[in-house]
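Colleague: model this:
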Amino acid sequence: MAAKAIDFDPSQLEVHLNQAAIKSKANQIKAIALAIDDQSRIRDLVLAVRCIDLTTLGGDDTACNVSRLVWRALNPLSAATLEKLQPLGIEQPVTTAVICGYPTRAADFKHYLNQWHSDLPIATTVAGFPAGQGTVEAALSEVHYAVNNGAYEIDIVINRPLAIDGQWRQLYEEIRAVAELMRQKGTRLKVILSTGELGTLENIYRAATVAMYAGANFVKTSTGKESLNAKLVYGLVMTQAIRDFYLRTGRKVGLKPAGGLKDGADALYWLTLVRTQLGPEWLNNKLFRLGASGMLSNIEKELYHLTQGVKATAADLLYV
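Modeller: This is a model prediction of the structure:
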């Protein structure tokens with residue numbers, strides 16, 4: 001469930017970041033990620049699949065679209081690939097972490113999950129997604145609606161002007177109001193920072209810190225609708241904030257990059273970032289997620305190639 005809010009000292013938001021050093025570390029992480037052997041690559045790519053929030057956020061979403069998405073979430077890899085994973089000791093079944101959409105589709109998600117006897121969690125986006133310009137009252141109403149229709153996780157997007165203008169206390173109070181309601185309902189909260197629109201790396205650190213003190217279970221880079229989305233330099237700043245918060249409070253908060261993630265290499269970059277900056281205890285879908293529905297087919301193709309020794313054709317994969 002959403003965490004209990006903790007009041008913060010404004011001095012905890014004071015941070016000075018070395019942008020050149022952060023860029024250099026991001027490049028080092030990419031090099032480490034691409035240097036792993038094939039078996040490690042297979043294991044990490046399967047882990048990435050298990051950490052995907054499989055999402056549809058189309059204005060034309062219908063119950064039919066939802067049905068396909070649920071089936072895809074429950075069957076993300078081909079039978080041929082799954083067979084080759086068994087000798088590696090990789091636990092099955094393999095599914096994505098959750099399915100996600102607008103609150104109006106939550107009941108459809110629940111219907112099809114029940115039809116296929118699955119308890120895969122449902123996530124929805126609220127709070128004026130993606131602009132973050134809605135009112136707190138509207139967000140609370142949407143949370144009620146989404147949870148009453150089956151949602152277990154809620155992704156809210158922050159009011160960016162508050163962060164840009166340095167109105168951290170007000171931002172804290174807005175997030176805390178949503179987190180407290182979700183705590184009462186026993187559900188989990190992911191807070192989208194829209195990192196590419198916050199102006200400075202320091203603001204990313206501050207926004208992540210405020211969200212965690214307000215009760216976030218996850219801090220998330222982007223809505224996927226901004227021009228700048230999940231960049232590793234943003235992830236490094238966010239993992240520093242997560243680490244600092246953990247050292248102060250003893251509470252672990254998850255990380256979710258989202259937007260612009262396309263293939264297995266992107267997944268490996270972020271897994272390596274988490275492994276090196278937060279530690280292996282963060283490498284599970286309770287503390288790490290990928291908001292990257294578009295990358296799933298590319299990961300499936302890469303896993304097929306790695307396990308079968310040949311590239312997949314359209315006949316080999318159901319979702320090419």
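Colleague: contacts only, for the residue nearest the centre of the chain.
Modeller: In the chain, the residue lying closest to the centroid (Cα atoms, centre = their mean) is Lys256, at 3.0 Å. Neighbouring residues of Lys256 by Cβ atoms under 8 Å, 6 or more residues apart in numbering: 53, 190, 218-221, 288-291. From N, CA and C alone the C-beta is placed, and that goes for glycine too.
Colleague: now, which of these sits nearest Gln240?
Modeller: Distance ranking of the contacts of Lys256 against Gln240, using Cβ to Cβ, places Val219 first at 11.6 Å.
Colleague: looking at the contacts of Lys256, which is nearest Glu302?
Modeller: Using Cβ to Cβ, those come closest to Glu302 at Leu290, 14.5 Å.
Colleague: for that closest one, list each beta-bridge partner.
Modeller: Ile52 (DSSP bridges).
Colleague: surely it meets Leu261?
Modeller: Yes: counting by Cβ atoms under 8 Å, Leu261 is a contact partner of Leu290 at 6.3 Å.
Colleague: identify the contacts common to these two.
Modeller: Common neighbours of Leu290 and Leu261 (Cβ under 8 Å, 6+ apart) are 267, 270.
Colleague: of these two, which one has the most company?
Modeller: In terms of neighbours (other Cβ atoms under 10 Å), Leu290 is the more surrounded of Leu290 and Leu261; the figures are 29 against 25.
Colleague: CA atoms only for stretch 83-90, dumped as CSV, please.
Modeller: Extracted C-alpha coordinates of stretch 83-90, given in CSV (Å, rounded to 0.1, in the frame of the first residue of the first chain):
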residue,chain,number,x,y,z
GLU,A,83,11.1,-24.2,-23.5
LYS,A,84,14.7,-23.1,-23.8
LEU,A,85,14.5,-21.1,-20.5
GLN,A,86,13.6,-24.2,-18.5
PRO,A,87,17.2,-25.7,-18.4
LEU,A,88,18.5,-22.3,-17.1
GLY,A,89,16.3,-22.6,-14.0
ILE,A,90,14.2,-19.6,-14.9
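Colleague: could I get stretch 109-127 in CSV with only the CA atoms?
Modeller: Output of stretch 109-127 as CSV, limited to C-alpha atoms (Å, rounded to 0.1, in the frame of the first residue of the first chain):
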residue,chain,number,x,y,z
PHE,A,109,-9.0,-5.3,-17.3
LYS,A,110,-10.6,-7.0,-14.3
HIS,A,111,-13.2,-8.8,-16.4
TYR,A,112,-10.6,-10.4,-18.7
LEU,A,113,-8.2,-11.2,-15.9
ASN,A,114,-11.0,-13.0,-14.1
GLN,A,115,-11.9,-14.8,-17.4
TRP,A,116,-8.3,-16.2,-17.5
HIS,A,117,-8.1,-16.8,-13.8
SER,A,118,-5.3,-14.4,-13.2
ASP,A,119,-4.5,-12.1,-10.3
LEU,A,120,-2.1,-9.9,-12.3
PRO,A,121,-2.4,-6.3,-10.8
ILE,A,122,-4.2,-3.5,-12.6
ALA,A,123,-2.7,0.0,-12.7
THR,A,124,-4.3,3.2,-14.0
THR,A,125,-3.2,6.8,-14.6
VAL,A,126,-5.0,9.7,-12.9
ALA,A,127,-4.4,13.3,-11.9
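Colleague: before we move on, the earlier item: export the contacts of Lys256 to TSV and tack on pLDDT?
Modeller: Putting the contacts of Lys256 into TSV (pLDDT from 0 to 100) gives the following:
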residue	pLDDT
Asp53	97
Lys190	97
Phe218	98
Val219	98
Lys220	96
Thr221	96
Phe288	98
Arg289	98
Leu290	97
Gly291	93
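Colleague: return the members of those residues classed as buried.
Modeller: 53, 190, 218-221, 288-291 (16 or more other Cβ atoms under 10 Å).
Colleague: alright, I will stop here.
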